[in-house]
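Novice: Sequence below, structure please.
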Amino acid sequence: MALLSELILVAIALTVTMFATKRAELGFPCAIFWAITGGQAYVLSVNAWVDLEYYLFFASFGMVIFTVLIAFGLREKRDTIADEEMEGGDGKYIDERGKGEESLEVEPGKKERRRSRELRERAERRRTGEKGKRY
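Specialist: All right, here's what the predicted structure looks like:
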């Protein structure tokens, strides 16, 4: 019975830590400890539907499914490439350039789109401090 109570404490502690820190990596250890707790509870149960260990067996395997699904839900999602680039960004707009960086000018022989041209003009106005037309 002492081993069962220790297993329950470890499983609960891992589950609480997973929710408190919102770390999806703790979902797998939580599921493992809940499964071991359920197996130990089943071994210790004597009569079906009478012992507390028998109910703990079903509850712990429910917690296995719960922690695996929650770990899947807690994982960090990145929808677009822009989300990944924003994390490591340097605080500049994509059409701005710093000292020593190459220009984002159009290559010779390529036709520039209207939207690209407008963005470049707006960035130039922002750099020089000019007031331009508002949309």
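Novice: burial of Val64, as a residue count?
Specialist: Val64 is surrounded by 19 other residues when neighbours are defined as other Cβ atoms under 10 Å. From N, CA and C alone the C-beta is placed, and that goes for glycine too.
Novice: Next, find the distance separating it from Arg117.
Specialist: Counting by Cβ to Cβ, to the nearest Å, the gap between Val64 and Arg117 amounts to 58 Å.
Novice: For the helix or strand where Arg115 lies, which residues meet the burial criterion?
Specialist: Counting by DSSP states H and E, the element that carries Arg115 is helix 114-128. Neighbour-count burial for helix 114-128, counted by 16 or more other Cβ atoms under 10 Å, picks out Arg120, Arg122, Ala123.
Novice: Against Glu6, how distant is the last one?
Specialist: Meaning Ala123. Ala123 sits 62 Å away from Glu6 when distances are taken as Cβ to Cβ.
Novice: The first one now?
Specialist: In this structure, Arg120 and Glu6 are separated by 66 Å, where distance is defined by Cβ to Cβ.
Novice: what does Trp49 give?
Specialist: Remark: distance between Trp49 and Glu6 (Cβ to Cβ) = 26 Å.
Novice: repeat for Glu76
Specialist: When distance is defined by Cβ to Cβ, Glu76 is 32 Å away from Glu6.
Novice: With adjacent residues omitted, what lies nearest to Thr17?
Specialist: In space, and not counting its chain neighbours, Thr17 is closest to Leu26: 6.1 Å by Cβ to Cβ, 6 or more residues apart in numbering.
Novice: longest helix of the protein?
Specialist: For the chain, the helix that runs over the most residues, judged by DSSP state H, is helix 52-74.
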